[in-house]
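J.: Generate coordinates for the sequence data below:
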Amino acid sequence: MKICCIILAGGVSRRFGGDKLTAKFRGESVITRVCHAASRVADEVYISASSSGRASELGKYVREIVKGSIVDSDAVACEGPLRGIITAVKSLNCDRLLILPGDIPAITSDTLGRFVERVAAGKADAGSVVWGNGMVETLIQLVEPSYVAGLAEHICSTRRDVARPSDILRGSSRLLLVYAGNITDEPSELSNINTREDLEALKPRAPLSGFVNSDILLELGGSRGSHFWRAMSMASRGDHEAAALEYELEAGVYAEHGIVHLAAQCLGDAAYEAKRAGDEARAYELRSRGWEMLARLGF
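T.: The predicted structure is shown next:
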């Protein structure tokens with residue numbers, strides 16, 4: 001199984017006040033540390049950048065580690081990290097694609113290896129990490145590129161205004177969310193850098209303990225008829241009321257397993273479709289439920 005890895009490096013580091021990926025963490029640049037960890041797990045590692053200039057700048061730090069860089073394609077209608085992921089899927093020839101954010105400098109190859117092994121063993125076409133409180137690391141994924149390629153056009157055309165990296169997880173047929181406690185006993189390993197203070201003391205993204213305490217395998221159905229796919233289909237036909245209902249039903253699937261992060265996103269999508277259907281009261285009710293879920297995660 002050939003594994004390629006893309007390191008998402010297109011952000012502008014507004015809160016950091018500079019380029020956080022080139023800042024030093026324990027003697028090395030942040031991007032160098034992440035690429036080193038990935039290179040011990042993946043067969044090929046690439047920097048995913050928003051421009052050729054950005055790719056060239058970061059290349060100075062990781063040229064001896066990575067295979068190359070992939071610059072976001074303007075032909076991909078989605079924005080942000082999702083554009084980088086889809087561009088990579090269309091550019092690389094691999095059996096699995098490991099997706100990592102570039103700002104998690106404490107990550108180790110051991111933890112990444114355990115994550116990859118668990119997703120592969122679960123025979124899932126998409127996998128991510130879930131914390132004890134139901135928060136999902138949506139920028140850490142292991143996916144089958146062929147499946148993402150088939151999903152990309154639907155996401156970018158139907159959900160362009162609200163598309164997120166987590167859409168890749170929600171659109172899968174077989175999703176494995178690996179419990180963080182099964183791959184690391186140090187929560188700060190997955191912490192990202194947002195401010196210069198974070199370089200001195202990483203803050204855990206979420207707690208290991210909580211109502212989620214084991215891996216969660218979900219048979220979602222993918223394009224064969226999951227709530228997510230049906231909602232996209234209905235929205236594309238202009239049946240926004242029906243799309244809102246499907247997203248609400250999808251939220252129930254995740255809520256049943258304690259995955260409140262994805263459940264809240266589904267409710268936000270349901271509210272968006274309800275508003276497009278002209279039902280402002282319904283949109284407000286759905287949005288409020290989503291906010292309540294996110295409040296449980298500290299958002």
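
J.: and A9, what pLDDT?
T.: Confidence at A9, expressed as pLDDT, is 93.

J.: so who does it touch?
T.: If you count contacts by Cβ atoms under 8 Å, 6 or more residues apart in numbering, A9 has them with 21, 31, 47-49, 54, 58, 102. In short, each C-beta sits where N, CA and C put it, glycine included.

J.: Nearest residue to it in space, please, no chain neighbours.
T.: Using Cβ to Cβ, 6 or more residues apart in numbering and skipping the chain neighbours, the partner closest in space to A9 is G102 (4.1 Å).

J.: next one: S226
T.: L220 is the one closest to S226 (Cβ to Cβ, 6+ apart), at 4.5 Å.

J.: What is the least confident helix or strand in the chain?
T.: Between all helices and strands in the chain, the lowest mean by mean pLDDT, DSSP states H and E belongs to helix 196-200, at a mean of 89.

J.: Which residues does it contact?
T.: Residues outside helix 196-200 that contact it (Cβ under 8 Å, 6+ apart) are 16-17, 23-25, 191-193.

J.: Of those, just the buried ones, ChimeraX syntax please.
T.: Buried residues among the contacts of helix 196-200 (16 or more other Cβ atoms under 10 Å), as a ChimeraX selection:
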select :16,23,25,191,192,193
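
J.: Which pair of the contacts of helix 196-200 spans the longest distance?
T.: G17 and S191 (18.5 Å; Cβ to Cβ).

J.: which helices and strands sit right next to the helix or strand R33 falls within?
T.: Secondary structure assignment for R33, by DSSP states H and E: helix 30-39. Packing partners of helix 30-39 (3 or more Cβ pairs under 8 Å, 6 or more residues apart in numbering; DSSP states H and E): strand 3-8, strand 44-49, helix 52-62, strand 96-101, helix 109-121.

J.: A180 and I31, how far apart?
T.: Separation of A180 from I31 (Cβ to Cβ, to the nearest Å): 23 Å.

J.: nope, P165 is what I was after
T.: According to Cβ to Cβ, P165 and I31 sit 19 Å apart.

J.: Report how many residues lie close to F228.
T.: By other Cβ atoms under 10 Å, 28 other residues sit near F228.

J.: To clarify, my last question referred to A201.
T.: Neighbour count for A201, taken as other Cβ under 10 Å: 8.

J.: I'd assumed V66 was in contact with A49.
T.: No. The pair A49 / V66 is not scored as a contact, 11.1 Å apart, by Cβ atoms under 8 Å.

J.: re earlier: name the member of the contacts of A9 with the most neighbours.
T.: Tallying neighbours with other Cβ under 10 Å puts I47 at the head of the contacts of A9, with 31 neighbours.

J.: so it sits right up against V62, yeah?
T.: Yes. The criterion here is Cβ under 8 Å, and I47 meets it with V62 at 6.6 Å.

J.: that older thread, list of residues touching the helix holding R33?
T.: Under the contact criterion Cβ under 8 Å, 6+ apart, helix 30-39 has outside partners 5, 7, 9, 20-26, 28, 45, 47, 58, 61-62, 65-66, 98, 100-109, 112, 193.

J.: could you flag which of these are buried?
T.: Burial by neighbour count, judged by 16+ other Cβ under 10 Å, picks out 5, 7, 9, 20-21, 23, 25, 45, 47, 58, 61-62, 65-66, 98, 100-108, 112, 193 from these.
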